[in-house]
Every structure is written in structure tokens, then in C-alpha cells.
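**Q** using only what follows, build the 3D model:
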Amino acid sequence: MYRLVVTDIDGTLLNNEKKITEATHKGIHEMIDRGVKFVVATGRVFTAGKWPYVDLGIDGPLITCNGALIKDTGTGEIIYSRALDLDLARKVSEICKAHDVYFHYYTEDGIHSERYDFIMKQYAELSKKLPESKQVPTEVLANYKDFLDRGETLYKIGIYCDDGEASDRLIQEIMALKGIACYKSLANSFDVMAEGVSKADAIAQLNKYYDIPREETIASGDNENDIDMIRYAGLGVAMGNAIESAKAAADYVTGTNEEDGLLQVIQKFIFDAE
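**A** Presented below is the predicted three-dimensional model:
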């Protein structure tokens, strides 16, 4: 019997309109009512990662920044965290500056960048239209060095590079640094966290927290930063729209995010299994 269901957000929990369908919404609530724990695991900053919890009208642990932080959306309790060393953050930032690419920092709740562009701009503009419960604090930095000198706890650096070959070279240069983990999240973007950070590691922390073994855990995703948790879980699920490497790592391939693929998993492996 599966007692913990963990899901990615974009391309997994949400359809292409960035919404949780009514059927999936109902299925998640029925699953929770049956005593199954439901957790979101995302690369997003906490304030944006909690949006599905707000839409579902629930609270609970949220795995954010690709596993660097687990924080309860209701109580604000930090269940687990693994911050990025600030000296390493300086080195990564120097490489980004040398290549003249956009990068931003994720702290516990906010996004910080020298450039008002990409994710920074997206969340800043979107937050103006959102209720307070969904707003994401953003800060345009005069100088990244001054920001790092402030000593804020840093969980992730997001980097964007539209040139595929240049992006690969940049990733190789950054990955040569010791003490970091690096994941590609989109074709033109990748994330840098502390070594050992992953969605799989975060789920392992929740397995201890809930006293639920990995064998009773389902993890579902669609992209590169989901592969480790798909491999880790007792039942690793790839969406029908997932990249091929995620499908190859999965125990089961479900329908696409447009076909309520996550709900199909809940029905098949939880409702029908009872």
C-alpha cells in the first residue's frame, strides 16, 4: 500500500494552462481523506511552490528549490534544509558574469537578481496581479557581491542561457567546482544547489519524518530534475509528456499532464489497490 505521493508541479500536477483540473483536485482530496500523504516537490522558490497548496486548500510540507528546503506551508516550520555555501555561490556567480548570462538567487522566500529578466521579471510582473497568499518577493540587485556579503541563506542559483552549446560549456565549467549539485530544468536553464541536494534526498527526509518507507512512496515527474526521485521511490512514475530519460528511469509511464496522468496513478495504485 502506498502512503506517500510526491509530485512535481509543471508538466505533472498542472495541465498546459498551469491549472489543476477539477478531476485531479477531487482525486487528491479523496486520497488525503483516505490517509495518504500528499507532497509537492519543485524547483521553484517556496512562495511560488506553495501555489498548488493554496489552490487545493491544503497545508503541509513542500519540497522546494529541488530539495534544498522542506518547509510546511501552514506552520512555516523548516523541516529540512541544505544551504549553498556562499563562497561557492561567489564562484558560480563569477563564472556566470564572465559568460555574461542571466542568473538569480533563491533564498527561503524570495528571488534576487541583478537583471530584471526571465524568472525574475516573470514572477515580479505576475505577483502584481496575484492575491497576497501567492505573491513572490523579488529584489533587483545593484551588485551580486553586495548581496552575498549580506550573508542571507541561499538555497539555489538559477541560470539561463539560450545558446545550447554555450550552455553546455557553462554547465561543465560550473560542475568542475566541488561541493555543488547541478540540474538542467529546461532546455535553456539549469540550477545550482549544494552537493547532495535532490528531490530524492528530500523525499528520504520525509520518509523519516512521516515514518513511511520508500517502498510505500510514489514519485511522479516529467523532467531531468525529477529523475532521481523517480528512481528513488517505491513506484517511480513518468508522465506521458516526460522527457525520454525520465521515462527510462520510471517503473510506470502514465498519461500526459493534459490527460490527468497523475490522477490516473492515484486511481490505479491507491484507489483500485484498496
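**Q** could you chop the chain up by domain?
**A** Following automatic domain parsing, one finds the domains of the chain at 4-81+197-271, 86-194.
**Q** mean neighbour count and mean pLDDT added to those, as a markdown table?
**A** Where C-beta positions appear, they are placed from N, C-alpha and C, glycine not excepted. Output for the domains of the chain, formatted as a markdown table (neighbours: other C-beta atoms under 10 Å; pLDDT from 0 to 100):
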| stretch | mean neighbour count | mean pLDDT |
| --- | --- | --- |
| domain 4-81+197-271 | 20 | 98 |
| domain 86-194 | 17 | 93 |
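**Q** who does the longest helix anywhere in the chain touch, helix- and strand-wise?
**A** When the chain is scanned for its longest helix (criterion: DSSP state H), the result is helix 86-99. Using 3 or more C-beta pairs under 8 Å, 6 or more residues apart in numbering; DSSP states H and E, the elements in contact with helix 86-99 are strand 102-106, helix 144-149, strand 156-160, helix 164-175.
**Q** switch the cut-off to 6 Å
**A** In terms of contacts (3 or more C-beta pairs under 6 Å, 6 or more residues apart in numbering; DSSP states H and E), helix 86-99 is packed against helix 144-149, helix 164-175.
**Q** what's in contact with stretch 177-185?
**A** 43, 66, 88, 91, 175, 190-193, 195, 197, 224-225 (C-beta atoms under 6 Å, 6 or more residues apart in numbering).
**Q** for those residues, work out which two are farthest apart.
**A** Taking C-beta to C-beta as the measure, these span a maximum distance of 23.0 Å, between Lys91 and Glu224.
**Q** helices of the chain, residue ranges please.
**A** With DSSP H as the criterion, the chain has helices spanning 22-33, 46-49, 51-56, 86-99, 118-127, 144-149, 164-175, 199-210, 227-232, 244-249, 261-266.
**Q** can you give me how far the last one is from the chain middle?
**A** When you say that, I think you mean helix 261-266. Centre-to-centre, helix 261-266 and its host chain are 19 Å apart (C-alpha atoms, centre = their mean, to the nearest Å).
**Q** send the alpha carbons of that helix over as CSV?
**A** Listed next in CSV are the C-alpha coordinates belonging to helix 261-266 (Å, rounded to 0.1, in the frame of the first residue of the first chain):
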residue,chain,number,x,y,z
GLY,A,261,-1.9,11.5,-15.8
LEU,A,262,-1.3,12.0,-12.0
LEU,A,263,-5.0,11.2,-11.3
GLN,A,264,-4.6,8.0,-13.3
VAL,A,265,-1.8,7.0,-11.0
ILE,A,266,-3.8,7.8,-7.9
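**Q** re the thing from before, is it possible to export the helices and strands packed on helix 86-99 to TSV including distance to Tyr252?
**A** Shown next, in TSV, are those (distance: least, C-beta to C-beta, whole Å):
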stretch	distance to Tyr252
helix 144-149	43
helix 164-175	30
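**Q** looking at the ones you listed, which is nearest to Asp8?
**A** If you check each of the helices and strands packed on helix 86-99 against Asp8 by C-beta to C-beta, helix 164-175 wins as the nearest, at 21.1 Å.
**Q** relative to helix 86-99, how tilted is that closest one?
**A** Counting by axes from the mean of the first three to the mean of the last three C-alpha atoms, to 10 degrees, helix 164-175 points 150 degrees away from the direction of helix 86-99.
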